[in-house]
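In: Okay, here's the prediction I keep looking at, along with the sequence it came from:
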Amino acid sequence: MSELETWIAATGVWPVHDDIADAVIPEHVLNDPALTLIAKGLFALLVAEQGRPVNPYEDSYETPAAITEAVEELISAGLAVRVQH
């Protein structure tokens, strides 16, 4: 487990699904050229968590710097917010 901790969640209202395979990542997010692939993947994780906050540093393969950059991208784009956990 990483020593770094930042809890984030997707902004807005998202439907909750009994089967997470039914969750949909909006095309405008996937096609946004301003977002890196890491940020898009992190956003998919946020949607999959159905409103539960996520610490993206926990059990990650990416470097802390890459995760921090992705978090900042999502926050700047209005797709995620930092939350208290």
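Out: Perfect, thanks for sending it.

In: pLDDT below threshold where in this structure?
Out: Low-confidence segments of the chain (pLDDT under 70): 1-3.

In: can you map out the helices along it?
Out: For the chain, helices defined by DSSP state H occupy the ranges 27-30, 37-48, 64-76.

In: and the gap between the residue nearest to L46 when sequence neighbours are not counted and V29?
Out: Among residues not flanking L46 along the chain, A10 sits closest, at 4.0 Å (Cβ to Cβ, 6 or more residues apart in numbering). C-betas here are computed from N, CA, C, even on glycine. For A10, the distance to V29 equals 10 Å [Cβ to Cβ, to the nearest Å].

In: Could you do V83 as well?
Out: To V29, V83 is 19 Å away according to Cβ to Cβ.

In: Then D18?
Out: Counting by Cβ to Cβ, the gap from D18 to V29 is 23 Å.

In: neighbour-wise, which of the two wins?
Out: V29 (17 against 6; other Cβ atoms under 10 Å).

In: For the more buried one, which non-adjacent residue is closest in space?
Out: F43 (5.7 Å).

In: That neighbour touches L74, doesn't it?
Out: Yes - look at F43 against L74 with Cβ atoms under 8 Å: they come within range, at 5.8 Å.

In: can you list residues touching both of the two?
Out: L35, A80 (Cβ atoms under 8 Å, 6 or more residues apart in numbering).

In: how deep is I38 tucked in, by neighbour count?
Out: 19.

In: Then the one 3 residues further on?
Out: Here the neighbour count serves as a burial measure; for G41 (other Cβ under 10 Å) it reads 15.

In: Against L42, how distant is the nearest residue to it once chain neighbours are set aside?
Out: Distances taken as Cβ to Cβ, 6+ apart put A70 closest to G41, at 7.9 Å, once the chain neighbours are dropped. Spatial separation of A70 from L42 under the definition Cβ to Cβ is 5 Å.
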